[in-house]
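Q: Below: sequence and its predicted model.
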Amino acid sequence: MSCLRYTRTTPAGAAQGLRDCYRRSIRLAYGRGLSSLALPSIATGALGYPLQEAAPIAVAAVIDQLSELEAAFRVRFVLFGPATFEAYVAATGSPLENDPARRRIRQIR
């Protein structure tokens with residue numbers, strides 16, 4: 001996978017700032033004609049935003065922004081470590097017990 005562009009956005013620190021950061025990232029990529037975007041768990045590392053709060057905000061912001069686009073666009077969360085992965089899976093509200101990626105994460109532990 002190659003990276004065509006890199007854009008850094010920084011959240012304001014509150015939930016709304018984090019939400020805006022995800023939405024702005026998608027709008028920027030979409031506006032530049034890209035068809036996909038990889039996003040990390042913004043602010044949960046060095047900035048110390050609580051992971052259990054950030055994951056649902058990120059998932060909801062991405063879903064909301066994608067619903068406003070006129071064309072197909074793919075967003076992938078690129079997450080570091082099993083705890084972050086599990087937080088984002090939980091945030092989707094989707095039972096992914098049989099998902100191959102989840103089985104691989106369990107094997108890494």
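A: Arrived safely, thanks for sending. Residues are numbered from 1 along each chain as shown.
Q: Now stretch 67-83: average pLDDT?
A: Per-region confidence: stretch 67-83 scores 92 on mean pLDDT.
Q: And for stretch 92-102?
A: Per-residue pLDDT values over stretch 92-102 give a mean of 62.
Q: Stretch 28-42 too?
A: Mean pLDDT, taken over the full extent of stretch 28-42, equals 95.
Q: List the buried residues of it.
A: Judged by neighbour count (16 or more other C-beta atoms under 10 Å), stretch 28-42 contains these buried residues: 29-30, 37, 39, 41-42. Backbone N, C-alpha and C define where each C-beta goes, glycine included.
Q: repeat for stretch 39-55
A: 39, 41-44, 49, 51, 54-55.
Q: In strands, which of these appear?
A: The strands, defined by DSSP state E, take in residue 39 from the buried residues of stretch 39-55.
Q: and which of the buried residues of stretch 39-55 is nearest residue 64?
A: Nearest to residue 64 out of the buried residues of stretch 39-55 is residue 39 (C-beta to C-beta; 13.9 Å).
Q: Now do the same contact list for that closest one.
A: Counting by C-beta atoms under 8 Å, 6 or more residues apart in numbering, residue 39 touches 22, 25, 58, 62, 75-78.
Q: try 6 Å
A: For residue 39, the contacting residues are residue 77, by C-beta atoms under 6 Å, 6 or more residues apart in numbering.
Q: cool, and residue 41?
A: Residues in contact with residue 41, defined by C-beta under 6 Å, 6+ apart, are 79, 84.
Q: and residue 30, helix, strand or coil?
A: Here residue 30 is recorded as helix under DSSP: H, G, I helix; E, B strand; the rest coil.
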